[in-house]
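> test case, fold it:
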Amino acid sequence: MTGKLVAGVIVLTGLVAGIAMYWLQVYAFYAPVSFTPGAEITLVPRTADIPRAIAVENIEGIDAGSSPLRFRACFTTPLSQATLTETFRRYDRPTPLTAPGWFDCFDADAIGAALERGEALAFLSQANIAGGVDRVVAVFPDGRAFAWHQLNDTYKE
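Numbering: from 1, shown residues only. Prediction:
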């Protein structure tokens, strides 16, 4: 009887720990981002290094203090891809990172596929927003846009 009790406690502890780890990874540390003046979506001009705020609408974003890679944002912009390309610096090798399933406006696979096809264009929003991490913005022809953080070449050998 004692063996069954010990086994039951071990299984129950494992189950509780698994649920807690899942919740911590997917929900616990994320918080909505406030895009107030000074914290807007920016892009780096082709002729300068200081990011400049761009016009955006319908913006929603999430971030977590536990990692600089957890930032994601979805929005629309009235700026055309042609205007953006002429004015702002493009980003080489954009790789959108997967967002939590509950943040359903951000589909990293669809954004990545559109970038590969050339349908969406990627721009540098801010270099080294955190050590070794850049903020990237991808814009679709219809004005839908997405932002995320990704590792840059700082620590690559």
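> the helices in the protein, which residues?
Here the chain has its helices, by DSSP state H, at 2-23, 81-87, 108-117.
> which elements pack onto the shortest one?
So that's helix 81-87. For helix 81-87, the elements it packs on are strand 121-130, judged by 3 or more C-beta pairs under 8 Å, 6 or more residues apart in numbering; DSSP states H and E. Every residue, glycine included, has its C-beta placed from N, CA and C.
> what comes up buried for the strand it packs on?
Buried residues in strand 121-130, counted by 16 or more other C-beta atoms under 10 Å: 121-126, 129.
> lowest-confidence one in those residues?
In terms of pLDDT, the weakest of the buried residues of strand 121-130 is Ile129, which scores 91.
> without its sequence neighbours, what residue ends up closest to it?
What sits nearest to Ile129 in space, not counting adjacent residues and going by C-beta to C-beta, 6 or more residues apart in numbering, is Arg135, at 4.7 Å.
> from what I can see that neighbour touches His149, true?
Yes: between Arg135 and His149 there is a contact under C-beta atoms under 8 Å: 5.5 Å.
> give me the common contacts of these two.
71, 129 (C-beta atoms under 8 Å, 6 or more residues apart in numbering).
> these two - which one has more neighbours?
Counted by other C-beta atoms under 10 Å, Arg135 and His149 do not tie: Arg135 has more neighbours, with 25 against 21.
> for burial, what's the neighbour tally of Pro141?
When neighbours are defined as other C-beta under 10 Å, Pro141 has 12 of them.
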